[in-house]
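[1] Sequence first, predicted model second:
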Amino acid sequence: YYNENTILYFDGEYAKAAEAKIDLYGQSLHYGYAVFEGIRAYKTEKGEVKIFKAEEHFDRFKRSCELIHIPYKYNNEELIKACYKVLELNNMEEAYIRPLVFCPPNMTLKAASESHILICAWEWGAYLGEKLLRVMTSSYQRPNPKAFQIESKSAGLYINSILASQEAKEKGYDEALLLDMNGNVAEGPGANIFFEKNGKLYTPPRGHILPGITRATVIELCHELGIPLEEKLFTLDELKQAESVFYCGTAAEIIGWDSLDGQTFSKPFSESLGKVLQQAYKARVLEKEFKREAKVA
Ligand code: PMP
C-alpha cells in the first residue's frame with residue numbers, strides 16, 4: 001500500500017507515510033472508534049484525473065462522523081483538493097483513495113472532543129476481481145440498527161465484514177452475503193446487492209445497509225436507461241429465484257454472481273441487466289458516452 005516515498009495528507013500537511021506518527025493510546029485503535037471512506041479516481045476519456053462522486057463521498061464521511069459523535073471540522077472543498085494533491089504527489093492517476101478520521105489519546109468510552117484526519121491512496125484493481133462470484137450465505141448477520149449507527153461507515157463495524165469474508169473464504173467461496181436481523185437480504189461485506197427478475201431490478205431499501213454511492217449511481221443509471229427498479233425487502237428464497245445477481249461498490253465496481261450457495265442463476269450474466277449497468281457504470285466513471293444496444297434485455 002505504501003513505500004518509503006509515499007506521501008499522505010495528515011491534519012492539513014503532506015507527510016511521508018513511513019514517517020507519520022500516531023499515538024497508541026487512542027479510542028480509534030482500541031475500540032475501532034474511527035470513520036473512513038473509500039473513493040476512486042479514474043483517468044477519464046479526455047485524459048483527466050477525476051475523482052468519482054467526490055462530493056457524495058465526503059458528504060457521507062461527514063454524516064458518518066456526526067452519527068457516532070466524532071467531531072468533523074473539515075469541508076468538502078479542502079478535502080477534495082487534498083485528495084487531488086495526494087494523487088499528484090504520488091504520481092497516481094487511477095487510484096483508490098482512503099480518508100480516515102480518528103481520535104486523539106483517550107481511553108474512556110466518552111465521545112471524542114477532537115479528531116485527526118488522514119487521506120492516503122494506493123493503486124487497487126477491482127476489489128472482488130473480474131470473475132463471476134461464487135457467493136455463500138453467511139452465518140453472520142449485518143449489525144442490528146438498534147445496536148449501532150449502521151449508516152455510519154465506522155471502522156469497528158468492519159469486523160463484521162471481516163468475519164463474514166473469512167467464513168466464506170474458509171468454505172471455499174469467493175464472497176459472503178449477509179442477511180439482516182429479520183432474515184431479509186441486506187448486503188455483502190463491502191458491497192450492495194441488486195437482482196434481476198422478469199426485466200426488472202430489485203435492491204434492498206435503506207435501513208439495514210450502508211447507503212452505497214455506487215448503489216445510488218446504479219439507481220441513477222436505471223432511471224436514465226429506462227430500466228425498471230424497485231427498492232424492497234426480499235428473502236433468501238426470493239433471491240434464489242432471481243435470474244441474475246450482482247454486487248456493486250466503489251472498490252468492487254459492478255461484479256456479477258456465478259452462484260449462491262452452489263446454485264447458479266438462470267440467465268448468463270453477460271445477457272443480464274447487470275452487464276448493461278456494468279458497462280454504463282464504466283462509461284460514467286470514465287466520462288464516456290454510453291449507448292445501450294437496441295436489444296431489450
Ligand atoms: N456496503 C458496505 C458494507 C460497504 O462497505 C460498501 C463499500 N463502501 C458498500 C456497501 C458500497 O458502498 P459504496 O458504493 O459507497 O462504495
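    Nice, I can see it. Worth saying up front: this structure is predicted, and the values here are computed from it rather than measured.
[2] Residue ranges in this protein under the pLDDT threshold?
    Judged by pLDDT under 70, the chain has its weakly predicted residues at 294-297.
[3] Quick one: name the residues of it near the ligand.
    Counting by C-beta under 6 Å from any ligand atom, the chain comes close to the ligand at 38, 161, 187, 190-192, 210, 212-215, 249-250. (Glycine included, C-beta is placed from N, CA and C.)
[4] in the stretch 101-250 of the chain, which spans are strands?
    Assigned by DSSP state E, counting those that start in this stretch, the stretch 101-250 of the chain shows strands spanning 116-122, 133-141, 175-179, 185-187, 192-197, 200-203, 229-231, 244-249.
[5] Near the residue nearest to K50 when sequence neighbours are not counted, how many other residues are there?
    If the residues on either side of it in the chain are set aside, K50 comes closest to T44, at 5.1 Å by C-beta to C-beta, 6 or more residues apart in numbering. Counted with other C-beta atoms under 10 Å, residues neighbouring T44 total 15.
[6] How about the contacts made by T44?
    50, 286-288 (C-beta atoms under 8 Å, 6 or more residues apart in numbering).
[7] residue ranges of the helices in the stretch 51-200 of the chain, please?
    Using DSSP state H, counting those that start in this stretch, the helices found in the stretch 51-200 of the chain span residues 54-67, 76-89, 158-170.
[8] returning to that earlier point: pull up the gap between the residue nearest to K50 and the ligand, please.
    19 Å (C-beta to the nearest ligand atom, to the nearest Å).
[9] Extract the C-alpha set from stretch 95-108 and format it as PDB.
    What follows is stretch 95-108 as a C-alpha-only set of coordinates in PDB (Å, rounded to 0.1, in the frame of the first residue of the first chain):
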ATOM      1  CA  ALA A  95      -6.200   5.000  -7.600                       C
ATOM      2  CA  TYR A  96      -8.300   4.100  -4.500                       C
ATOM      3  CA  ILE A  97      -8.500   6.900  -2.000                       C
ATOM      4  CA  ARG A  98      -8.900   6.300   1.700                       C
ATOM      5  CA  PRO A  99      -9.800   9.200   4.000                       C
ATOM      6  CA  LEU A 100      -9.800   8.300   7.700                       C
ATOM      7  CA  VAL A 101     -10.900  10.300  10.700                       C
ATOM      8  CA  PHE A 102      -9.600   9.100  14.000                       C
ATOM      9  CA  CYS A 103      -9.400  10.300  17.600                       C
ATOM     10  CA  PRO A 104      -6.600  11.600  19.800                       C
ATOM     11  CA  PRO A 105      -5.400   9.900  23.000                       C
ATOM     12  CA  ASN A 106      -8.300   8.900  25.300                       C
ATOM     13  CA  MET A 107      -9.100   5.600  26.900                       C
ATOM     14  CA  THR A 108     -12.600   6.400  28.100                       C
END
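[10] Find the closest residue to the ligand in the stretch 51-200 of the chain.
    G190 (4.0 Å; C-beta to the nearest ligand atom).
[11] Quick one: residues contacting that residue.
    Taking C-beta under 8 Å, 6+ apart, we find G190 in contact with 127, 161, 165, 249, 251-252.
[12] Please identify which of these is nearest to R134.
    S165 (13.3 Å; C-beta to C-beta).
[13] For the residue nearest to the closest one when sequence neighbours are not counted, give me its contacts.
    Closest residue to S165 apart from its sequence neighbours, by C-beta to C-beta, 6+ apart: P189 at 4.8 Å. P189 sits next to 160-162, 164-165, 175-176, 178 when contact means C-beta under 8 Å, 6+ apart.
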